[in-house]
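[1] sequence unavailable; structure follows:
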């Protein structure tokens, strides 16, 4: 049976007014002006002039948990599909971080397929913070070519005492290997780079891009809002053509240490004339959020929250007067483009029927649809 979601205030993420959305086979079949004459062939959901936006795309989730800095008692737990759907996340990419010893890329594969079966389209990165990269097959290339849910390599740590020593030739080689194998597999291919607090910041990444034929589009540095100096370097990196990602999960301690709140970071980037197309948000959900003293000792730890992703958009709109259609891009079409997911991130004919319905007054989530199925209502 065909289904119509009628009378919704539609953001594609661009605002286009009141519309009806006809869906079938998990896809968007038609977007039309409001119509009251649907026959018995249609199941009808009345949107009652609520806001309908694309399902949220979260490009960095620690789906099998993360952390462990400070000891085994600080390991974080796996995420559930219900947590993600309740936060409006309909598509995600999972990653390993610091711990690729007691957690594995094989864990990511199993968990990503579990989440996909439960309604959240989930992909994952091969590798982790460290070199040599951990893989399921014998190589990065084989993982990307043979495993349809592998969309790149990450979360490779740069400028962080918890990662490997990554030199120019290392990053250049990884970039070329990901780019070539992704091309052979018909994928976009991305190297997700974790940026830490060390003084190198974005210098190595910028050097590789400037001195080689590798494009900005291949690399996706995240945690750019983690401290003021990295944030300023991120502005210049973006103005030079780079794509940057802000982490939405935070806490009072990290903000006191100098982290730039995600919504504020977006506002400052736009003021600096960084194109919105180059900015994205990820939640870093279920990662550990450690605080370190000047000697690198853990003095506090928290866990990333998937609900922070959309909350950052709300804060951008409510606290910084950023139009909803601009802020939404950071969690819909922009990350989908970075991951090469052409059916995600936009409400357009022939794309996947992934939607979030919002209350127009307070932006609270009312319904979540994935692949044409109401998962939360």
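    Nice, I can see it. Note that the structure is a prediction, hence the values are computed from the model and not measured.

[2] what is the burial count for residue 26?
    14 (other CB atoms under 10 Å). (Glycine included, C-beta is placed from N, CA and C.)

[3] cool, and the one 4 residues further on?
    Counted with other CB under 10 Å, the burial measure for residue 30 works out to 14 neighbours.

[4] ok, now the one 3 residues further on?
    Taking other CB under 10 Å as the neighbour definition, residue 33 ends up with a count of 8.

[5] going forward, the N-terminal residue is numbered 133.
    With 133 as the first residue, the last one maps to residue 165.

[6] tell me the secondary structure at the nearest residue to it once chain neighbours are set aside.
    Among residues not flanking residue 165 along the chain, residue 151 sits closest, at 6.7 Å (CB to CB, 6 or more residues apart in numbering). Recorded secondary structure, residue 151: strand (DSSP: H, G, I helix; E, B strand; the rest coil).

[7] beta partners of residue 151?
    Residue 151 has these beta-bridge partners by DSSP bridges: residue 140.

[8] can you list the buried residues in stretch 225-233?
    225, 226, 227, 228, 229, 230, 231, 232 (16 or more other CB atoms under 10 Å).

[9] just to revisit the earlier point, how close does the residue nearest to residue 165 get to residue 319?
    Going from residue 151 to residue 319 by CB to CB, to the nearest Å gives 32 Å.

[10] that older thread, looking at the buried residues of stretch 225-233, spot the one nearest residue 410.
    Residue 410 lies nearest to residue 225 out of those, by CB to CB, at 18.2 Å.

[11] doesn't residue 185 make contact with residue 501?
    No. Using CB atoms under 8 Å, residue 501 makes no contact with residue 185, being 11.0 Å away.

[12] overlap in contacts of those two?
    487, 488 (CB atoms under 8 Å, 6 or more residues apart in numbering).

[13] now do the strands in the stretch 283-432 of the chain.
    Along the stretch 283-432 of the chain, the segments classed as strands by DSSP state E, counting those that start in this stretch run 322-327, 351-354, 376-379, 411-414, 420-424, 430-435.

[14] what lies in contact with the fifth one?
    So that's strand 420-424. By CB under 8 Å, 6+ apart, strand 420-424 touches 198-202, 206-208, 229-230, 329, 381-383, 385-386, 389, 430-436.

[15] what is the longest helix seen in the chain packed up against?
    When the chain is parsed with DSSP state H, its longest helix is helix 300-317. Identification of packing neighbours for helix 300-317 by 3 or more CB pairs under 8 Å, 6 or more residues apart in numbering; DSSP states H and E yields helix 272-278, strand 282-290, strand 322-327, helix 335-343.

[16] gap between the second one and the chain center?
    Yep, that's strand 282-290 we're talking about. With CA atoms, centre = their mean, to the nearest Å as the basis, strand 282-290 stands 13 Å off its chain's centre.

[17] strand partners (parallel or antiparallel) of that strand?
    The pairing partners recorded for strand 282-290 under DSSP bridges are strand 253-258 (parallel), strand 322-327 (parallel).

[18] closest to residue 467 out of those?
    Of all those, the one in closest proximity to residue 467, counting by CB to CB, is strand 322-327 (10.2 Å).

[19] and that closest one, what's buried?
    Judged by neighbour count using 16+ other CB under 10 Å, the buried positions of strand 322-327 are 322, 323, 324, 325, 326, 327.

[20] got it, and stretch 476-492?
    Here stretch 476-492 shows 476, 477, 478, 479, 483, 484, 485, 486, 487, 488, 489, 490 as buried, counting by 16+ other CB under 10 Å.

[21] surely the last one touches residue 497?
    Yes. With contacts defined as CB under 8 Å, residue 490 counts as touching residue 497 at a distance of 6.3 Å.

[22] circling back: which of the helices and strands packed on helix 300-317 is buried the deepest?
    Looking across the helices and strands packed on helix 300-317 with neighbours counted as mean count of other CB atoms under 10 Å, the highest average goes to strand 282-290: a mean of 27.

[23] what mean pLDDT does it get?
    Averaging pLDDT along strand 282-290 yields 97.

[24] re the thing from before, export the buried residues of strand 322-327 to a markdown table and tack on distance to residue 193 and pLDDT?
    Formatted as a markdown table, the buried residues of strand 322-327 follow (distance: CB to CB, whole Å; pLDDT from 0 to 100):
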| residue | distance to residue 193 | pLDDT |
| --- | --- | --- |
| 322 | 15 | 99 |
| 323 | 17 | 99 |
| 324 | 12 | 99 |
| 325 | 17 | 98 |
| 326 | 14 | 97 |
| 327 | 18 | 97 |
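
[25] rebuild these as JSON lines, extending it with distance to residue 282.
    Output for the buried residues of strand 322-327, formatted as JSON lines (distance: CB to CB, whole Å):
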{"residue": "322", "distance to residue 282": "11"}
{"residue": "323", "distance to residue 282": "13"}
{"residue": "324", "distance to residue 282": "12"}
{"residue": "325", "distance to residue 282": "17"}
{"residue": "326", "distance to residue 282": "18"}
{"residue": "327", "distance to residue 282": "22"}
